[in-house]
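A.B. asks: Structure, please.
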Amino acid sequence: MARTAKFTHIDDESGVHMVDISVKESSERCASAEGTVQLGADAYTALVEERVTKGDVLTTAQLAGIMGAKETARLIPLCHPIALEAINLTFSLDEKMYSITVRAEAISVGRTGVEMEVLTAVSIASLAIYDMCKSISKDIRITNIHLVSKKGGVHGVYHAHDSH
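C.D. replies: Next comes the predicted model:
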């Protein structure tokens, strides 16, 4: 006999709803996520040499990622709005792969985690990099956006395996 999974965002009448988190204890929640923007040689070189005509790519992407994290509940329909205590975006450049690793870390004190906020921050920052560099190359690829770690809440601590 197949068992039917109970979805947390679907009620008994198959309508969607936000999960009731009012019974959860408030605690510190931390999460980090990352993804890769593969620019290719031309766009990577233009970025490093600050020749991208639209301006400062990484500062723009950093601001876009922060703004994206703050707007997550407006972008993801069943995501709870949360107060972020901190959101930080960093970039690691890889000259051999002509790529940038985008990393976001966030902290919140509340009843639900910040995984969606860091994933959104990485996604939006990566899209901003694409937008800033697309006139140089259309072969830019955004890849491997994933949760790296989370801490807090009923599920405790999570660290991604190095299988990505």
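
A.B. asks: Run through the neighbouring helices and strands of the helix or strand of the chain with the lowest mean pLDDT.
C.D. replies: Least confident helix or strand of the chain, by mean pLDDT, DSSP states H and E, is strand 158-159 with a mean of 92. Applying 3 or more C-beta pairs under 8 Å, 6 or more residues apart in numbering; DSSP states H and E, we find strand 158-159 packed against strand 141-151. From N, CA and C alone the C-beta is placed, and that goes for glycine too.

A.B. asks: which helices and strands sit right next to the strand it packs on?
C.D. replies: strand 27-38, helix 115-133, strand 158-159.

A.B. asks: Among those, single out whichever gets nearest to residue 68.
C.D. replies: Comparing the helices and strands packed on strand 141-151 against residue 68 with C-beta to C-beta, the closest turns out to be helix 115-133 (3.0 Å).

A.B. asks: Centre of the chain to the closest one, how far?
C.D. replies: Between the centre of helix 115-133 and the centre of its chain there are 6 Å (C-alpha atoms, centre = their mean, to the nearest Å).

A.B. asks: what angle separates that helix from strand 27-38?
C.D. replies: 30 degrees (axes from the mean of the first three to the mean of the last three C-alpha atoms, to 10 degrees).

A.B. asks: Is residue 112 part of a helix or strand, or is it coil?
C.D. replies: coil (DSSP: H, G, I helix; E, B strand; the rest coil).

A.B. asks: what's the least confident helix or strand of the chain in contact with?
C.D. replies: By C-beta atoms under 8 Å, 6 or more residues apart in numbering, the surrounding residues in contact with strand 158-159 are 147-151.

A.B. asks: Let's see that with 6 Å instead.
C.D. replies: With contacts defined as C-beta atoms under 6 Å, 6 or more residues apart in numbering, strand 158-159 is touched by 149-150.

A.B. asks: And the nearest residue to residue 41 once chain neighbours are set aside, what's its pLDDT?
C.D. replies: Leaving out its chain neighbours, the residue that sits closest to residue 41 by C-beta to C-beta, 6 or more residues apart in numbering is residue 98, at 5.2 Å. Looking at residue 98, its pLDDT is 98.
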